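Asks: A structural model of the following input is requested.
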Amino acid sequence: MVILAGGLATRLRPVTEKIPKSLVPVAGRPFIDYQLTLLASAGVTDVLLCIGYLGEQIQSHCGDGSQYGMRIRYSMDGPQLLGTAGALKHAVPLLGEQFFVTYGDAYLQCDYRALWERLRQDRALGLMTVYENRNAHEQSNVVVERDYVTVYDKKVHTPAMRWIDFGVSLFRRAALDLISDNYPVDLGELNRALIARQELLAHTVPTRFYEIGSPHGLEEFDRLVRAGMFEQRKVRP
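Replies: Numbers count the residues shown, from 1 in each chain. Just a heads-up that it's a prediction; the model follows:
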């Protein structure tokens, strides 16, 4: 599992002026504790954290991952802005032939094993999880036809967009050959390249996503955690 956690988190300023988004407190605990314990409970045992802005704080907090019951490795972006897909390309030596990607502000409850098997048994180079949102939580941005993503656009909305990207993807390492080495490179460029080749599977998930990347999302997630909506294992000291 690759977690993209190198962003500047400007929407959460001033909270993120001195701490990275992954360490923003939720009900008294850093958000990344909730994220990693969820992934561990779903069977994820190996995590690669792509870090940049204030990334040394994330590395100091998470360590080798043993407190979560997993192995954690790190890929540091360095001084150059790489973008979300650029961070993946930079981390190629640490990637397996097939790997998950999610964001450092996402709390995503889904069947990760089913996703893994879906791509493993298909010829496609990538898989995007989608939720049939119908503009309910945020503006929908995906068109799905015959189990494949045919349109993905966060800026131009059409009535056919009933789905929204859920926040976790799967790629084969060979997919990264489709994107430019001219950084920064966004994941949107990789997704569009796969769509053009008809190689981006769509996998519909039944439940909505949660995120802390916006003030509204952070407030909502904090409130739901305090209400006991998400069961969490204790992190070992």
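
Asks: what sits opposite the most centrally placed residue in the chain in the beta ladder?
Replies: The chain has residue 102 as the residue nearest its centroid, 1.6 Å off, counting by C-alpha atoms, centre = their mean. Note on residue 102: beta-bridge partners by DSSP bridges are residue 3, residue 168.

Asks: ok, it touching residue 170?
Replies: No. Using C-beta atoms under 8 Å, residue 102 is not in contact with residue 170; the gap is 10.1 Å. To be clear about C-beta, it is placed using only N, CA and C from the backbone, and glycine gets the same treatment.

Asks: before we move on, the earlier item: please tell me how far the residue nearest to the centre of the chain sits from residue 226.
Replies: 24 Å (C-beta to C-beta, to the nearest Å).

Asks: Burial check on residue 66, number of neighbours?
Replies: Residues near residue 66, counting by other C-beta atoms under 10 Å, number 11.

Asks: And the strands in this protein?
Replies: Using DSSP state E, the strands assigned to the chain run over residues 2-5, 25-26, 29-30, 46-51, 71-76, 98-103, 106-107, 126-131, 142-145, 148-152, 164-172, 200-204, 210-211.

Asks: Would you convert the ones you listed into CSV that also reports mean pLDDT and distance to residue 89?
Replies: Formatted as CSV, the strands of the chain follow (pLDDT from 0 to 100; distance: least, C-beta to C-beta, whole Å):
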stretch, mean pLDDT, distance to residue 89
strand 2-5, 97, 11
strand 25-26, 97, 31
strand 29-30, 96, 28
strand 46-51, 98, 10
strand 71-76, 97, 10
strand 98-103, 98, 12
strand 106-107, 96, 21
strand 126-131, 96, 14
strand 142-145, 95, 24
strand 148-152, 96, 19
strand 164-172, 95, 11
strand 200-204, 97, 18
strand 210-211, 94, 24
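
Asks: Can you say which of the ones you listed is nearest to residue 188?
Replies: Closest to residue 188 of the strands of the chain is strand 148-152 (C-beta to C-beta; 7.1 Å).

Asks: the inter-axis angle of that closest one versus strand 126-131?
Replies: Angle of strand 148-152 versus strand 126-131, following axes from the mean of the first three to the mean of the last three C-alpha atoms, to 10 degrees, is 80 degrees.

Asks: Need the CA coordinates for strand 148-152. CSV is fine.
Replies: Included here for strand 148-152 are C-alpha records, laid out as CSV according to Å, rounded to 0.1, in the frame of the first residue of the first chain:
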residue,chain,number,x,y,z
TYR,A,148,-14.3,0.5,-17.1
VAL,A,149,-13.7,4.2,-16.4
THR,A,150,-14.3,6.1,-19.6
VAL,A,151,-14.3,9.6,-18.2
TYR,A,152,-12.5,11.1,-15.2
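
Asks: Flag every buried residue along it.
Replies: Going by neighbour count (16 or more other C-beta atoms under 10 Å), the buried part of strand 148-152 is 148-149, 151-152.

Asks: And stretch 81-100, by the same measure?
Replies: 82-91, 95, 98-100.
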